[in-house]
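J.: With the input below, show me the fold.
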Amino acid sequence: MSRWRPRLPRSTAIITREGYDALERELKSLWAKRRIVNDALAAAAAEGDRSENAEYIYRKKEQAGIDRRIRYLQKRMPDLKIASQVGDKSKVFFSAIVELEKEDASLVTYRIVGPDETNTKNGDISIDSPLAKVLLKKQVDDEVSITINNKDSFYTIISIRYA
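T.: Predicted coordinates for the structure are as follows:
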């Protein structure tokens, strides 16, 4: 069995100002956390035998995870484009807050954001998601349908607003 996997398509390099500021704060906090972990790693290494030193092994893995995230952010952030204001606010575009009515008459609200700031608990969905792709350039009272896992879902756009 092969471990080869096809390369995933690159995500859209667009972000809101708030999302970019959050990534900058995360990067600063990661550098501060790395210093703390590095000090703890040095203390654990000074204890002697590293092969059976659980603290040393744990700190090495923690440091590797922090370094991985720092590398990702340092590589990704220069490519990101901060979205400007939308001209036509009667249609769905990036950063729109869209209220939808489902088939069962329940209401859901989603905000279309960049892939780096997606948070489904807050209702922030990626512009690369199938639902966001279907919603783009639609207006109030437009109906959209989306098929996921051979199941069709239908939505009606109730309102569109921008923060």
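
J.: Would you mark the buried spots in the helix or strand hosting G65?
T.: Assigned by DSSP states H and E, G65 belongs to helix 54-76. Neighbour counts over helix 54-76 (16 or more other Cβ atoms under 10 Å) mark Y56, R59, K60, E62, Q63, I66, I70, L73 as buried. Where C-beta positions appear, they are placed from N, C-alpha and C, glycine not excepted.

J.: need the strands for this structure, in chain order.
T.: For the chain, the strands defined by DSSP state E cover 14-15, 81-82, 96-102, 107-113, 124-126, 143-148, 151-162.

J.: Against the centre of this protein, work out the most remote residue.
T.: G48 (41.2 Å; Cα atoms, centre = their mean).

J.: out of the buried residues of helix 54-76, which one sits closest to R34?
T.: Nearest to R34, judged by Cβ to Cβ, of these is I66 at 4.9 Å.

J.: Can you name the residues that contact the closest residue to that closest one other than its chain neighbours?
T.: Nearest residue to I66, sequence neighbours excluded (Cβ to Cβ, 6 or more residues apart in numbering): R34, at 4.9 Å. R34 makes contacts with Q63, I66, D67, I70, as judged by Cβ atoms under 8 Å, 6 or more residues apart in numbering.

J.: In JSON lines, list the residues you listed along with pLDDT and distance to S153.
T.: Formatted as JSON lines, those follow (pLDDT from 0 to 100; distance: Cβ to Cβ, whole Å):
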{"residue": "Q63", "pLDDT": "96", "distance to S153": "44"}
{"residue": "I66", "pLDDT": "96", "distance to S153": "39"}
{"residue": "D67", "pLDDT": "96", "distance to S153": "41"}
{"residue": "I70", "pLDDT": "96", "distance to S153": "39"}
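
J.: per-residue pLDDT, M1?
T.: Looking at M1, its pLDDT is 59.

J.: I figured S11 hits P115, correct?
T.: Yes - taking contacts as Cβ atoms under 8 Å, S11 lies within contact range of P115: 3.9 Å.
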